[in-house]
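Asker: Just to be clear, the model below is a prediction. Sequence and coordinates:
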Amino acid sequence: MYITLLNIDDKPLHLITLKKAFSLERRKKVISASDKCINISTIDGPITIPSKLKLIEYHQHLFKPKRTPFSRRRVFHRDSYTCCYCGKKIKDKPTIDHIIPKSKGGRTDYLNVVTSCTKCNFKKGDKTLKESGMELKYVPYEPKDTFLSLKK
């Protein structure tokens, strides 16, 4: 069961849990914005919570796009199980390779990690692209979460 949380200008912000709604009411951060109520039975007796709550102070809500959690499977799926160095399809045991090696400050994120076959990964080793003389066949990107269900 969820409660609609409205900003002071009556624009919807979030759906919140009953626990969060109860907490906001107790701290006097919200007022009722609905005639409909939800009755909850507790040990101490029944509690009534409105189905819509309105914040007392304006909350500037900035929408940030959700980032896709990093995983090896998502990298392999994004790259279609294809080595980014030689371009061959990988049937057995794909590996991930850091474009800028971790030892040289490279991070483990979608923009620095690509799918690689074992041979190319070993050839590149702990070197940058320039040091190894290798080139990427494509530019890595961060996949959108809706693009991957990852069910096999």
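Answerer: It's in. Residues are numbered from 1 along each chain as shown.
Asker: the strands in the chain, which residues?
Answerer: Here the chain has its strands, by DSSP state E, at 2-6, 12-17, 30-32, 37-42, 45-50, 52-55, 95-98, 113-116.
Asker: Off-centre distance for the fourth one?
Answerer: Strand 37-42 has its average C-alpha position 34 Å from the chain's average C-alpha position, going by C-alpha atoms, centre = their mean, to the nearest Å.
Asker: tell me the angle it makes with strand 45-50.
Answerer: Strand 37-42 runs at 150 degrees relative to strand 45-50, counting by axes from the mean of the first three to the mean of the last three C-alpha atoms, to 10 degrees.
Asker: Next, the buried residues of strand 37-42.
Answerer: Of the residues in strand 37-42, none count as buried by neighbour count, 16 or more other C-beta atoms under 10 Å. Bear in mind the C-beta positions are built from the backbone N, C-alpha and C, glycine included.
Asker: same question, the first one
Answerer: Of the residues in strand 2-6, those with enough neighbours to count as buried (16+ other C-beta under 10 Å) are 3-6.
Asker: ok, which pair from these is furthest apart?
Answerer: Across these, the longest distance by C-beta to C-beta is 10.0 Å; it joins Ile3 and Leu6.
Asker: Now do the shared contacts for those two.
Answerer: 52-53 (C-beta atoms under 8 Å, 6 or more residues apart in numbering).
Asker: Need the contact partners of stretch 105-124.
Answerer: 68, 70, 74-76, 78-79, 81-86, 88, 90, 93-100, 102, 132, 134, 136, 140-143.
Asker: could you flag which of those are buried?
Answerer: 68, 74-76, 78-79, 82-85, 90, 94-99, 134, 140.
Asker: re earlier: need the strands of the chain in CSV with mean pLDDT and distance to Gly106, can you?
Answerer: Formatted as CSV, these follow (pLDDT from 0 to 100; distance: least, C-beta to C-beta, whole Å):
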stretch, mean pLDDT, distance to Gly106
strand 2-6, 88, 41
strand 12-17, 86, 37
strand 30-32, 91, 46
strand 37-42, 84, 51
strand 45-50, 86, 49
strand 52-55, 91, 43
strand 95-98, 95, 5
strand 113-116, 96, 9
